[in-house]
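> 3D, please:
(chains A, B and C)
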Amino acid sequence: MDMELELGRLNPAQREAVMSTEGPLLVLAGAGSGKTRVITMRAAYIIHLGVPAGSIVAVTFTNKAAREMKERVGRMLETKKKPPIVSTFHSLCLNILRREIETLGYRRDFTVYDTAEQVSLLRHLLSDIRVYEKSFKPDDVLATISRIKNEFNKKTVRSESGEFDVEAFSETVFPRYQETMRSLNVVDFDDLLLLAVRLFREHPDVLERYRERFRYLMIDEYQDTNKIQYDFIRLLAGERKNICVVGDDDQSIYGWRGANLRNILDFESHFPGARVVRLEQNYRSFGNILKAANGVIKNNKKRMEKSLRTSRGDGAKVCLYRAEDGEDEAQWVAGTISRIKYEKKIPYDDFAIIYRANTLSKPFEEALRAVRIPYTVVGGTSYFERKEIKDLASYLKAIANPSDDLSFLRASSAPKRGIGATTTGKLAGLAKTHSISLYEAFGRAGEVEGVGEKAARAAAGFAALLDKYRKRFFNGSGQMGKAFRELSEEIGFNGYIGELYKSQEMALRRMENVENFIESLSRYEMAADKPTLQGFLEELALDGPPEEKKDENKNFGVVLTTFHSAKGLEFPVVFIACLEEDILPHKKSALPGEGIEEERRLFYVGITRAMRELYLTCAGSRVRYGKFVPSTPSRFLEELPAGVVRKIGRLEPESPAEEELRAKAFFARINEMLGE
DNA sequence: GTTAGTTCTGTTTTT
DNA sequence: CAGAACTAAC
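Numbers count the residues shown, from 1 in each chain, chains lettered A, B, ... in the order given. Purely as a prediction, here's the structure:
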């Protein structure tokens, strides 16, 4: 790549950001200001200056962002050049811990628990401590545990929602949780950061090694960092402080998850002498959209002053439609999409509908389906789709980490193999008295009094089964995929799936998932430099089960999404729906100050997704919890600057020209449907 | 150890 | 209203 030429293509602010390679740097990157371009080019530029790629670390929040950045830096570098390290916080920490955790007295072969496993562990734990059963809700407890770990602070213990006994939590539940995790040789997501920070704090020699190694740090989405992530970064930055953070305080929408807006607002005092570069040139949206965004966001007090500019013209006005009710709103959106699609001849995936909560998607799905417009709903939890994966993964986890009793237990009864609660209870007793793992206890089932011969044989047989496969997974033959498939066959996993799901169709779908999962181990084995079972499980924990090879950047049809999942995306035509009090400033977040400002930022994020056209809708009433409830328009709508908005509604009908277009679109659709 | 009936509860989500 | 989580009875 011709660096001079590439630099010449940047605007002055972007160029300054790219070329300020030494010392602390804050890049305030407004929406659509070419942020990713700047980060990627900055990495390439530092390499171009002769810095070894391995000493540059770019940290992101999501794997998707990491993949994208890796890909873009790769394209920018000469093919033979090594790429910089691009990683999420969690996987960077995991990689460090995988090498260093023994320094902290942990075993090297630890595994990572995901949220579902945390909950499951907690359930076991809470039922052990019977007294508290009712008041301790796993989600609530987990949220508290997470906050303690992320804020590095035991003083802030409080029950998140439902009240539980704070003292009992601190005295019993939390210590028990930690002890159990430790004895199972597992860590949770928060531990990855927490232990890395502890490692650095308690072992300055180790920290020094990493400071020497990671000489240039770049942090993306800095407005979303929390306390512990800040500590981690700060420790790594050391005295050299070659740290570049990129973010937009106006797009901080994860405060409720512990993100600390102060990190970005106070960057200059955290890192004295920091250079600040503002990217305010927007390359995404037309003027009226940007004016709307600016007009709204300027009502926030806690922010860094900046104002987005565009070199494009004003473009179309922002449209505001006040619908009768939710159904009317959805139909209007669907109808308008049809019309624009016909008028502009653009594909359906140029459209997005954005709303506050996943539960609001329904009416839009129905309305779109009614007129045969294809769509994809982003997000929404689909974890129930993965029981079969979790079951099978528990075998791998039990094999990789013999101390992981929970995975062992799960595997031992999926499918059922004649080891019931009674037997398990007795063996767990043995494990406890001898301080051994459940796996070892199963192996010695014959010795235990009160365990019938049949049950003992089944238990010992199961332990032996895992033993057999453990050898195959660790013999370094590169045949893990094959071993996994044989394991699945030996335990009759497909038969188990077949029984588990009533409909043939459902079962078949699950079996496909299983097949794909097994295949993904083979794929991993082929792709990785040095494939290990641990490595595969790490990818699984941090990146989720590999879905069928879908194109990440390709949508199918109109995109329906929440504000949160829309962040970072852009669409030519955007509809922001359900803009009503109690929904957009959400009832539970509308607390003055912090709360309301974050809600406003959500709106801002939504508006700035739009490139050419923006439609805002609200309804006069809507079905909520089965009842018709009157709705009032969101207070944020009043913040839209005069002159950029055009109102449409029952009382203010569309222009005849528009109605004609709508009619034409209608007939075009019918013809299209007939043609199919 | 499962399944049908009942009650409860309704943001945002990544790793 | 609808889905989850819980309870009571096979």
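> list the contacts for A:E613?
Applying CB atoms under 8 Å, 6 or more residues apart in numbering to A:E613 gives the contacts A:G315, A:A316, A:C319, A:I340, A:P572, A:V573, A:V574. Where you see a C-beta, it was placed from the backbone N, CA and C, and this is true even at glycine.
> host element of it?
Element membership for A:E613, per DSSP states H and E: strand A:610-624.
> dump the C-alpha coordinates for that strand into CSV.
Provided in CSV are the C-alpha atoms of strand A:610-624 (Å, rounded to 0.1, in the frame of the first residue of the first chain):
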residue,chain,number,x,y,z
ALA,A,610,-29.7,6.7,8.7
MET,A,611,-27.9,7.7,5.5
ARG,A,612,-30.6,9.1,3.2
GLU,A,613,-34.0,8.9,4.8
LEU,A,614,-35.3,8.9,8.3
TYR,A,615,-38.8,8.2,9.5
LEU,A,616,-40.0,8.5,13.1
THR,A,617,-43.2,7.0,14.3
CYS,A,618,-45.3,6.8,17.4
ALA,A,619,-48.8,5.7,18.1
GLY,A,620,-51.7,7.2,20.1
SER,A,621,-52.4,3.9,21.8
ARG,A,622,-50.9,0.5,21.8
VAL,A,623,-51.6,-3.0,23.1
ARG,A,624,-49.5,-3.5,26.1
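> touching DNA strand B at all, that strand?
No - judged by CB under 7 Å from any atom of the strand, strand A:610-624 and DNA strand B are separated, with a smallest distance of 8.1 Å.
> next structured bit after that strand?
Following strand A:610-624 toward the C-terminus (DSSP H and E): strand A:627-630.
> so what touches that next one?
Identification of contacts with strand A:627-630 by CB under 8 Å, 6+ apart yields A:D325, A:G620, A:S621, A:R622, A:V623.
> which of the residues you listed tops the neighbour count?
Counting neighbours by other CB atoms under 10 Å, A:R622 leads the contacts of strand A:627-630 with 23 neighbours.
> gap between that residue and A:A370?
Per CB to CB, to the nearest Å, A:R622 is found 18 Å from A:A370.
> the longest helix along chain A packs against which elements?
Secondary structure of chain A per DSSP state H: the longest helix is helix A:504-527. In terms of contacts (3 or more CB pairs under 8 Å, 6 or more residues apart in numbering; DSSP states H and E), helix A:504-527 is packed against helix A:387-400, helix A:480-490, helix A:493-500, helix A:533-543.
> quick one on the thing from earlier: and which of the contacts of A:E613 is nearest DNA strand C?
When these are ranked by distance to DNA strand C (CB to the nearest atom of the strand), A:V574 comes first, at 26.6 Å.
> give me the element the closest one is part of.
strand A:571-576.
> distance between that strand and the chain's centre?
Strand A:571-576 sits 22 Å away from the centroid of its parent chain (CA atoms, centre = their mean, to the nearest Å).
> would you mark the buried spots in the next helix or strand after it?
Next along the chain after strand A:571-576, taking DSSP H and E as the criterion, comes helix A:594-607. Neighbour counts over helix A:594-607 (16 or more other CB atoms under 10 Å) mark A:595-607 as buried.
> contacts only, for A:D190.
A:D190 neighbours (CB under 8 Å, 6+ apart): A:I145, A:S146, A:K149, A:N150, A:I228.
> next: A:G273.
With CB under 8 Å, 6+ apart, A:G273 has these contacts: A:G23, A:P24.
> does DNA strand B sit close to stretch A:356-374?
Yes - for stretch A:356-374, a contact with DNA strand B is found by CB under 7 Å from any atom of the strand, at A:R356, A:A357, A:N358, A:T359.
> for A:E22, grab the count of nearby residues.
So A:E22, with other CB under 10 Å, has 12 neighbours.
> swap that for A:T60, sorry
24.
> for it, phi and psi?
Phi and psi for A:T60, reported as degrees, to the nearest 10, are phi -120, psi 180.
> pretty sure it contacts A:M69?
Yes - between A:T60 and A:M69 there is a contact under CB atoms under 8 Å: 6.4 Å.
> identify the contacts common to the two.
With contacts defined as CB under 8 Å, 6+ apart, the residues shared by A:T60 and A:M69 are A:V86, A:D220.
> give me the phi and psi for the residue of the stretch 401-550 of chain A found nearest DNA strand C.
Using CB to the nearest atom of the strand, A:A421 is the residue of the stretch 401-550 of chain A that sits closest to DNA strand C, at 12.7 Å. The phi/psi pair for A:A421 (degrees, to the nearest 10) reads phi -60, psi -40.
> what's the burial count for the closest residue to DNA strand C within the stretch 201-350 of chain A?
Residue of the stretch 201-350 of chain A nearest DNA strand C, by CB to the nearest atom of the strand: A:G326 (12.3 Å). Around A:G326 there are 27 other residues, counting by other CB under 10 Å.
> least reliable of the helices and strands packed on helix A:504-527 going by mean pLDDT?
In terms of average pLDDT, helix A:493-500 trails the rest of these, at a mean of 80.
> how about it: buried residues?
A:F493, A:N494, A:Y496, A:I497.
> any chance of the residues you listed in JSON lines, plus distance to DNA strand B?
Listed next are the buried residues of helix A:493-500 as JSON lines, based on distance: CB to the nearest atom of the strand, whole Å:
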{"residue": "A:F493", "distance to DNA strand B": "15"}
{"residue": "A:N494", "distance to DNA strand B": "17"}
{"residue": "A:Y496", "distance to DNA strand B": "10"}
{"residue": "A:I497", "distance to DNA strand B": "14"}
